[in-house]
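1. got a structure for you, letters missing:
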């Protein structure tokens with residue numbers, strides 16, 4: 001039990017600090033301006049839990065064999081697509097498909113975007129490295145909690161912003177952020193693939 005708690009504490013601190021100022025916080029903030037709070041939090045829990053679990057399970061040796069640069073390029077294309085999609089005008093209220101569709105599409109968008117954007121990122125590498133040295137369950141629990149805590153700071157900031165700024169402005173800024181993240185991911189992936 002001590003090994004689990006030590007691993008969880010170390011992983012929490014390492015991942016929390018590693019996430020501060022990372023793109024996942026910017027993504028979480030952006031999602032919080034677009035989707036319901038519970039949808040964003042559930043999406044983050046699923047994506048982060050799966051990502052950290054995969055990282056710990058795979059370990060550093062197998063992790064070097066995964067094509068992370070191609071996955072990062074796919075994430076870039078997806079982000080640019082989300083940014084462009086966000087620029088199109090919203091449907092009228094009479095055409096609205098309701099909150100159930102919004103929850104499903106929002107949840108799928110959040111889980112997919114977070115997972116792909118963070119795949120091969122420093123958080124995954126931290127969890128892989130720690131998973132080979134510490135109790136894997138502790139690393140998974142602590143790493144998931146650390147990344148979630150860092151991203152929830154951004155979610156609450158995004159929700160606060162969404163209540164105080166007109167929806168049209170939020171939509172354009174959020175789309176712009178998706179486009180910027182997409183372009184930065186694309187540059188990072190293409191330069192890594194070119195080496």
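-> Good, I have the coordinates. Please read all numbers here as calculations on a predicted model, not as lab measurements.
2. from here on, contacts and neighbour counts on C-alpha atoms
-> Fine.
3. so where do the helices sit in the protein?
-> Assigned by DSSP state H, the helices in the chain fall at 2-19, 23-34, 37-63, 68-87, 99-118, 122-133, 136-164, 167-194.
4. In a markdown table: the ones you listed, plus mean neighbour count and mean pLDDT.
-> Output for these, formatted as a markdown table (neighbours: other CA atoms under 10 Å; pLDDT from 0 to 100):
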| stretch | mean neighbour count | mean pLDDT |
| --- | --- | --- |
| helix 2-19 | 19 | 87 |
| helix 23-34 | 24 | 84 |
| helix 37-63 | 20 | 83 |
| helix 68-87 | 20 | 75 |
| helix 99-118 | 18 | 78 |
| helix 122-133 | 21 | 76 |
| helix 136-164 | 22 | 88 |
| helix 167-194 | 18 | 81 |
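5. So residue 57 sits against residue 131, correct?
-> Yes. Using CA atoms under 8 Å, residue 57 is in contact with residue 131, at 7.3 Å.
6. Spatially central residue in the chain, please.
-> Central residue of the chain (CA atoms, centre = their mean): residue 114, 2.7 Å from the mean position.
7. can you pull the contacts of it?
-> Contact analysis of residue 114 by CA atoms under 8 Å, 6 or more residues apart in numbering lists 24, 27, 44, 47-48.
8. What of residue 47?
-> 110-112, 114-115.
9. For it, give its distance to residue 128.
-> With the distance defined as CA to CA, to the nearest Å, residue 47 ends up 16 Å from residue 128.
10. ok, now residue 120?
-> The value you get for residue 120 to residue 128, if CA to CA is used, is 10 Å.
11. do residue 152 as well
-> 23 Å.
12. Burial check on the closest residue to residue 3 other than its chain neighbours, number of neighbours?
-> Excluding the flanking residues, the one nearest residue 3 by CA to CA, 6 or more residues apart in numbering is residue 135, at 6.1 Å. By the criterion of other CA atoms under 10 Å, residue 135 has 19 neighbours.
13. is it true that residue 135 touches residue 7?
-> Yes. Judged on CA under 8 Å, residue 135 makes contact with residue 7 at a distance of 5.8 Å.
14. returning to that earlier point: turn the contacts of residue 114 into TSV, columns for distance to residue 38.
-> Listed next are the contacts of residue 114 as TSV, based on distance: CA to CA, whole Å:
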residue	distance to residue 38
24	17
27	16
44	10
47	14
48	15
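15. for the residues you listed, which one is nearest residue 12?
-> The closest of the contacts of residue 114 to residue 12 turns out to be residue 48 (CA to CA; 12.7 Å).
16. Show the contacting residues for that closest one.
-> Residue 48 neighbours (CA under 8 Å, 6+ apart): 114-115, 144, 147-148.
17. Include distance to residue 76 when you put these into a markdown table, please.
-> A markdown table is the format used below for those (distance: CA to CA, whole Å):
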| residue | distance to residue 76 |
| --- | --- |
| 114 | 12 |
| 115 | 12 |
| 144 | 23 |
| 147 | 21 |
| 148 | 22 |
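18. where's residue 43 relative to residue 164, distance?
-> Taken as CA to CA, the span from residue 43 to residue 164 is 24 Å.
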